[in-house]
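S.K.: below is the structure, and that's it, no one-letter string:
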């Protein structure tokens with residue numbers, strides 16, 4: 001079974017069709033975000049399977065009041081993307097404090113953002129993937145150690161940077177959604193998640209790093225969730241994850257983050 005922590009809904013989407021797109025017999029819950037009104041309506045219509053996050057992006061106000069409105073609307077978390085400033089800009093910290101006080105998780109877009117995005121105001125205030133490097137979550141994790149954060153797309157192309165954050169911060173997780181990470185070879189993925197078991201340059205072989213891969217969460221983004229179920233399961237085989245670690249990756253971590261208990 002799985003919990004899909006990364007799924008999108010837009011204003012033009014039919015709610016029933018969009019929910020049906022993400023439905024899968026092996027997926028118990030799906031987190032929707034993108035258009036706040038559509039996500040809220042989908043959660044109200046499908047309360048047993050849909051969880052809605054409010055979205056903060058330019059030009060949404062990045063203020064504590066925005067977060068209080070999300071809480072009032074019943075959102076269970078926050079998605080943050082393309083703020084046109086680094087995520088660790090100190091002017092954003094009052095918003096993070098409000099999110100932490102509300103005990104909501106944050107899903108940050110990290111890394112490359114689609115080049116299909118078009119906005120005439122970009123010439124006045126640029127948008128850059130450099131503002132969304134996974135490393136920008138480090139200062140936030142230090143300032144708010146109880147604030148649960150999920151980075152999307154394993155920070156593509158800064159995968160190792162994302163892995164180090166999962167290793168060093170108990171409150172940081174990453175999903176492997178999007179198309180880029182799936183283009184890595186099996187050897188490259190093993191290098192990310194399996195580290196040497198012995199001393200420096202040991203010949204003793206490698207093992208799955210317990211504080212890295214066990215912090216991964218399942219997410220499909222805009223893709224067919226069945227494709228990503230297959231990818232995650234194959235990846236678990238490639239890195240030789242045991243049953244307990246597979247359970248954390250597919251359901252356990254997300255259930256804990258979302259307060260779902262045992263799923």
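M.R.: That came in fine, so what should we check first? In this text, all values refer to a predicted model and were calculated from it rather than measured experimentally.
S.K.: where along the stretch 151-263 of the chain do the strands fall?
M.R.: 172-175, 194-196, 206-208, 216-217 (DSSP state E, counting those that start in this stretch).
S.K.: now do the same contact list for the nearest residue to residue 13 once chain neighbours are set aside.
M.R.: Counting by CB to CB, 6 or more residues apart in numbering, residue 13 lies nearest to residue 38, which is 6.3 Å off, once chain neighbours are set aside. C-beta here means a position set from N, CA and C on the backbone, and glycine is covered the same way. With contacts taken as CB atoms under 8 Å, 6 or more residues apart in numbering, residue 38 has the following neighbours: 9-11, 13, 15, 18, 32.
S.K.: likewise residue 186?
M.R.: Contacts for residue 186 were tallied using CB under 8 Å, 6+ apart; they are residue 238.
S.K.: got it, and the one 3 residues further on?
M.R.: With contacts defined as CB under 8 Å, 6+ apart, the neighbours of residue 189 are 181, 235, 238-239.
S.K.: quick check: it vs residue 243, distance?
M.R.: 19 Å (CB to CB, to the nearest Å).
S.K.: give me the sheet partners of the worst-scoring helix or strand of the chain on mean pLDDT and which way each runs.
M.R.: Across the helices and strands of the chain, mean confidence by mean pLDDT, DSSP states H and E is lowest for strand 194-196: a mean of 85. Using DSSP bridges, the neighbouring strands of strand 194-196 in the sheet come out as strand 206-208 (antiparallel).
S.K.: in the least confident helix or strand of the chain, what counts as buried?
M.R.: Residues of strand 194-196 classed as buried by neighbour count (16 or more other CB atoms under 10 Å): 194-195.
S.K.: and the contacts of it?
M.R.: Identification of contacts with strand 194-196 by CB under 8 Å, 6+ apart yields 202, 204-209, 212, 239-240.
S.K.: please indicate which of the residues you listed are buried?
M.R.: A residue is treated as buried here by neighbour count (16+ other CB under 10 Å); on that basis the buried members of these are 206, 208-209, 212, 239.
S.K.: which residue packs closest to residue 133, ignoring adjacent ones?
M.R.: Nearest in space to residue 133, with sequence neighbours left out and distances taken as CB to CB, 6+ apart, is residue 158 at 5.7 Å.
S.K.: and the pLDDT at that neighbour?
M.R.: Looking at residue 158, its pLDDT stands at 96.
S.K.: so how far is residue 3 from it?
M.R.: From residue 158 over to residue 3 the distance is 25 Å, taken as CB to CB.
S.K.: make a markdown table from the contacts of residue 189 and add distance to residue 139 and pLDDT to it.
M.R.: Shown next, in a markdown table, are the contacts of residue 189 (distance: CB to CB, whole Å; pLDDT from 0 to 100):
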| residue | distance to residue 139 | pLDDT |
| --- | --- | --- |
| 181 | 24 | 88 |
| 235 | 30 | 97 |
| 238 | 33 | 95 |
| 239 | 29 | 95 |
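S.K.: buried ones among these?
M.R.: Under a neighbour-count criterion of 16+ other CB under 10 Å, the subset of the contacts of residue 189 counted as buried comprises 181, 235, 239.
S.K.: and of the residues you listed, the nearest to residue 150?
M.R.: The shortest distance between residue 150 and any of the buried ones among the contacts of residue 189, using CB to CB, involves residue 181 and amounts to 14.7 Å.
S.K.: helix or strand: which one has the closest residue to residue 225 other than its chain neighbours?
M.R.: Ranked by CB to CB, 6+ apart and with sequence neighbours excluded, the top spatial neighbour of residue 225 is residue 24, at 5.1 Å. Using DSSP states H and E, residue 24 maps to neither a helix nor a strand.
S.K.: pretty sure residue 24 contacts residue 227?
M.R.: No: using CB atoms under 8 Å, residue 24 is not in contact with residue 227; the gap is 10.6 Å.
S.K.: more crowded one of the two?
M.R.: Residue environment comparison for residue 24 versus residue 227 gives the larger neighbour count to residue 24, 17 against 12, counting by other CB atoms under 10 Å.
S.K.: determine the next helix or strand in the C-terminal direction from the host helix or strand of residue 107.
M.R.: Secondary-structure assignment from DSSP H and E places residue 107 in strand 106-109. As assigned by DSSP H and E, the chain's next helix or strand after strand 106-109 is helix 137-143.
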